[in-house]
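A.B. asks: structure for the following, please:
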Amino acid sequence: MRRENRGAIQQFALRSDSSLWPNFLNGQPGQPVRVLLVDDDPHFRRVIAQELVADLRVSLVAQGGSAREGRRLIALHEFDVMMIDLNLGDGSGFDLIDYMKSIRPAAEAVVISAMEDEQHALHAFELGATGYLLKNSWFGNFSQAVLQVVNGGASITPNLARRLLLKLDHAQGDAQMIRVSSKPDKLSDREKEVLRMVANGYTSAEIGARLTISCQTVNSHIKNIYRKLQVRTRAQAVSFAGARGLL
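C.D. replies: Predicted coordinates for the structure are as follows:
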């Protein structure tokens, strides 16, 4: 079979699979998940971009090859997920995750990196990332990783996930129990309203339009929600509030 024919068949398969995506999940062919891609490796960036573009459930809104360009694109574009390399040559992907969370707290971050040690992964999660994929051992689907995180899940390369599980000790478990049992600060009625809309999958812009407030005001509410619930991501906030009847 000719190479171009194989490529066409693979692309058709990806597009066909999107029709099987349950209609109650975020990321539909008519309303795709918006992705920002930042990686300084042009070849790897092209591989990921081609896969994302081939899936109707995902829309690649922009891509960049440096930390400086990444900061510009974060400020310029509305997006749901940022796929980010940690080593960008002119800066750190950690800084970009932190910057993204400061101005677009509802957006998710998925790391795509060659750095395999657990400390890098844990630091990325502490900054608010909900996915960590290793470039040399990711055998899955990049668009699938995007869809997982926007629907409240996490996407981690399997062998790294296993290593992280082995690294967790009883002290970390005790610390988590203390945090969970602690009483969170009370959310205002407006913050509860915003959180319910976040739980239903609305973006900051959509929430602002429905509540007739600015996108910046929505993001301020989301920051306050994160602070009060002691969480770093949208999925954590929804899970934490839902488990305690705050929604």
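
A.B. asks: C-alpha only now, for contacts and for neighbours.
C.D. replies: OK.

A.B. asks: where in the chain is pLDDT low?
C.D. replies: By pLDDT under 70, the weakly predicted segments of the chain are 1-19, 137-140, 167-184, 247.

A.B. asks: the helices in this structure, which residues?
C.D. replies: In the chain, the helices defined using DSSP state H lie at 3-18, 42-53, 67-76, 93-103, 118-126, 142-150, 158-167, 170-181, 189-199, 204-211, 215-229, 234-243.

A.B. asks: check those helices for me and report the most buried one.
C.D. replies: Per residue and on average, the most neighbours among the helices of the chain fall to helix 142-150, with a mean of 22 (mean count of other CA atoms under 10 Å).

A.B. asks: which elements pack onto that helix?
C.D. replies: Under the contact criterion of 3 or more CA pairs under 8 Å, 6 or more residues apart in numbering; DSSP states H and E, helix 142-150 touches strand 33-38, helix 42-53, strand 108-113, strand 155-156.

A.B. asks: distance from it to the middle of the chain?
C.D. replies: The chain centroid and the centroid of helix 142-150 are separated by 8 Å under CA atoms, centre = their mean, to the nearest Å.

A.B. asks: and if you look at stretch 101-116?
C.D. replies: Per CA atoms, centre = their mean, the centroid offset for stretch 101-116 relative to its chain is 6 Å.

A.B. asks: cool, and stretch 38-45?
C.D. replies: On CA atoms, centre = their mean, the centre of stretch 38-45 falls 18 Å from the chain's centre.

A.B. asks: who touches the spatially most central residue of the chain in this structure?
C.D. replies: Centroid-nearest residue in the chain: residue 108, 2.4 Å away (criterion: CA atoms, centre = their mean). For residue 108, the contacting residues are 80-82, 128-130, 149-150, 233-234, by CA atoms under 8 Å, 6 or more residues apart in numbering.

A.B. asks: in strands, which of the residues you listed fall?
C.D. replies: 81-82 (DSSP state E).

A.B. asks: per-domain residue ranges of this protein.
C.D. replies: 3-167, 183-243 (automatic domain parsing).

A.B. asks: hmm, back to that, need the helices of the chain in JSON lines (columns: distance to residue 26).
C.D. replies: What follows is the helices of the chain, written out as JSON lines (distance: least, CA to CA, whole Å):
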{"stretch": "helix 3-18", "distance to residue 26": "12"}
{"stretch": "helix 42-53", "distance to residue 26": "15"}
{"stretch": "helix 67-76", "distance to residue 26": "21"}
{"stretch": "helix 93-103", "distance to residue 26": "20"}
{"stretch": "helix 118-126", "distance to residue 26": "22"}
{"stretch": "helix 142-150", "distance to residue 26": "7"}
{"stretch": "helix 158-167", "distance to residue 26": "23"}
{"stretch": "helix 170-181", "distance to residue 26": "27"}
{"stretch": "helix 189-199", "distance to residue 26": "11"}
{"stretch": "helix 204-211", "distance to residue 26": "14"}
{"stretch": "helix 215-229", "distance to residue 26": "19"}
{"stretch": "helix 234-243", "distance to residue 26": "13"}
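
A.B. asks: right, so of those helices, which gets closest to residue 33?
C.D. replies: helix 142-150 (7.4 Å; CA to CA).
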